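[1] I'd like to go over a predicted model; first the sequence, then the structure.
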Amino acid sequence: MREFLVETTTTIPEGTGQDEVDRRRAAEGVRARELATSGNLARLWRPVGEKRVIGVWRATDEQDLHEKVLDTLPLRPWQAYKVTPLESHPSDPGGDDPVS
(Lines give C-alpha, C1' and ligand atoms only; values in the text may rest on other atoms or scores of the structure.)
Protein backbone atom coordinates (compact mmCIF):
# COMPACT_ATOMS: atom_id res chain seq x y z
CA MET A 1 0.00 0.00 0.00
CA ARG A 2 1.08 3.57 -0.64
CA GLU A 3 1.20 6.18 2.09
CA PHE A 4 -0.45 9.60 1.98
CA LEU A 5 -0.17 12.62 4.23
CA VAL A 6 -3.72 13.90 4.69
CA GLU A 7 -4.56 17.25 6.26
CA THR A 8 -8.21 17.39 7.30
CA THR A 9 -10.28 20.41 8.26
CA THR A 10 -13.78 19.80 9.57
CA THR A 11 -16.39 22.54 9.36
CA ILE A 12 -19.70 21.82 11.04
CA PRO A 13 -22.55 23.38 9.07
CA GLU A 14 -24.31 26.22 10.82
CA GLY A 15 -27.54 25.10 12.43
CA THR A 16 -26.41 21.50 12.97
CA GLY A 17 -27.73 20.15 16.27
CA GLN A 18 -25.31 19.04 18.96
CA ASP A 19 -26.88 15.56 18.97
CA GLU A 20 -25.98 15.13 15.29
CA VAL A 21 -22.43 16.39 15.89
CA ASP A 22 -21.99 14.02 18.85
CA ARG A 23 -23.41 11.07 16.90
CA ARG A 24 -21.10 11.64 13.94
CA ARG A 25 -18.03 12.18 16.13
CA ALA A 26 -18.70 8.92 17.99
CA ALA A 27 -19.18 7.07 14.69
CA GLU A 28 -15.99 8.69 13.35
CA GLY A 29 -14.02 7.23 16.27
CA VAL A 30 -15.42 3.76 15.62
CA ARG A 31 -14.63 3.99 11.89
CA ALA A 32 -11.11 5.32 12.57
CA ARG A 33 -10.38 2.30 14.78
CA GLU A 34 -11.66 -0.01 12.03
CA LEU A 35 -9.42 1.70 9.46
CA ALA A 36 -6.45 1.45 11.82
CA THR A 37 -7.09 -2.27 12.26
CA SER A 38 -7.25 -2.74 8.48
CA GLY A 39 -3.94 -0.87 8.06
CA ASN A 40 -5.43 2.14 6.25
CA LEU A 41 -4.89 4.58 9.11
CA ALA A 42 -1.31 4.68 10.39
CA ARG A 43 -1.13 7.84 12.55
CA LEU A 44 -3.12 10.96 13.45
CA TRP A 45 -2.00 14.24 15.01
CA ARG A 46 -3.67 17.52 15.90
CA PRO A 47 -1.33 20.52 15.80
CA VAL A 48 -1.37 22.31 19.16
CA GLY A 49 -3.94 25.10 19.19
CA GLU A 50 -5.50 24.09 15.87
CA LYS A 51 -8.60 22.16 14.89
CA ARG A 52 -7.19 20.54 11.77
CA VAL A 53 -5.91 16.97 11.82
CA ILE A 54 -2.81 15.59 10.10
CA GLY A 55 -2.58 11.89 9.41
CA VAL A 56 -0.68 9.22 7.56
CA TRP A 57 -3.11 7.02 5.67
CA ARG A 58 -2.51 3.97 3.46
CA ALA A 59 -4.30 2.82 0.32
CA THR A 60 -3.57 1.18 -3.01
CA ASP A 61 -3.66 4.55 -4.80
CA GLU A 62 -5.20 7.99 -4.35
CA GLN A 63 -8.53 6.97 -5.90
CA ASP A 64 -8.72 4.04 -3.47
CA LEU A 65 -7.82 6.40 -0.61
CA HIS A 66 -10.78 8.63 -1.40
CA GLU A 67 -13.38 6.03 -2.42
CA LYS A 68 -12.68 3.21 0.02
CA VAL A 69 -11.16 5.04 2.97
CA LEU A 70 -11.81 8.77 3.43
CA ASP A 71 -15.28 8.73 1.87
CA THR A 72 -16.34 6.12 4.45
CA LEU A 73 -15.80 8.49 7.36
CA PRO A 74 -19.02 9.73 9.03
CA LEU A 75 -17.69 13.31 9.16
CA ARG A 76 -16.75 13.27 5.46
CA PRO A 77 -19.58 15.60 4.33
CA TRP A 78 -18.15 18.25 6.65
CA GLN A 79 -14.47 17.70 5.82
CA ALA A 80 -12.01 19.21 3.37
CA TYR A 81 -8.81 17.32 2.58
CA LYS A 82 -5.35 18.14 1.32
CA VAL A 83 -3.72 14.89 0.17
CA THR A 84 0.01 14.52 -0.48
CA PRO A 85 1.34 11.19 -1.78
CA LEU A 86 4.47 10.06 0.10
CA GLU A 87 7.45 7.95 -0.84
CA SER A 88 10.31 6.55 1.19
CA HIS A 89 13.41 8.61 1.87
CA PRO A 90 16.76 6.79 1.92
CA SER A 91 17.69 8.41 5.26
CA ASP A 92 14.42 7.52 7.02
CA PRO A 93 15.45 5.90 10.32
CA GLY A 94 12.27 3.81 10.25
CA GLY A 95 12.74 2.65 6.68
CA ASP A 96 13.76 -0.77 5.45
CA ASP A 97 17.00 0.38 3.77
CA PRO A 98 19.50 1.64 6.36
CA VAL A 99 21.96 4.28 5.18
CA SER A 100 25.42 2.76 4.73
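    Perfect, thanks for sending it. Residues are numbered from 1 along each chain as shown.
[2] not counting its neighbours along the chain, what's nearest residue 74?
    What sits nearest to residue 74 in space, not counting adjacent residues and going by CB to CB, 6 or more residues apart in numbering, is residue 27, at 4.0 Å. The way it works is simple: take the backbone N, C-alpha and C, and place the C-beta from them, glycine included.
[3] so how far is residue 49 from that neighbour?
    Between residue 27 and residue 49 the distance is 26 Å, computed by CB to CB, to the nearest Å.
[4] the two: who's more crowded?
    Taking neighbours as other CB atoms under 10 Å, residue 27 and residue 49 compare with residue 27 leading, 13 against 5.
[5] check whether that one really touches residue 34, as I assumed.
    No - counting by CB atoms under 8 Å, residue 27 stays clear of residue 34, with 10.6 Å between them.
[6] and the helix ranked longest in the chain, what does it pack onto?
    For the chain, the longest helix by residue count, based on DSSP state H, is helix 18-37. With contacts defined as 3 or more CB pairs under 8 Å, 6 or more residues apart in numbering; DSSP states H and E, the packing partners of helix 18-37 are strand 41-45.
[7] following element in sequence after the strand it packs on, please.
    Following strand 41-45 in sequence order, the next helix or strand is strand 53-59 (DSSP states H and E).
[8] shaky segments in this protein?
    96-100 (pLDDT under 70).
[9] from residue 66, how far out is the closest residue in space to residue 13 that isn't next to it in sequence?
    Spatially, and ignoring its direct neighbours in sequence, residue 13 is nearest to residue 78 (6.6 Å; CB to CB, 6+ apart). Here residue 78 is placed at a distance of 16 Å from residue 66 (CB to CB).
[10] angle of the longest helix of the chain against strand 41-45?
    If you take axes from the mean of the first three to the mean of the last three CA atoms, to 10 degrees, helix 18-37 sits at 130 degrees to strand 41-45.
[11] just the buried residues of helix 18-37, please?
    24, 28, 31-32, 35 (16 or more other CB atoms under 10 Å).
[12] one more: stretch 36-46?
    Here stretch 36-46 shows 40-41 as buried, counting by 16+ other CB under 10 Å.
[13] distance from the chain centre to it, please.
    Relative to the centre of its chain, stretch 36-46 is centred 7 Å away, using CA atoms, centre = their mean, to the nearest Å.
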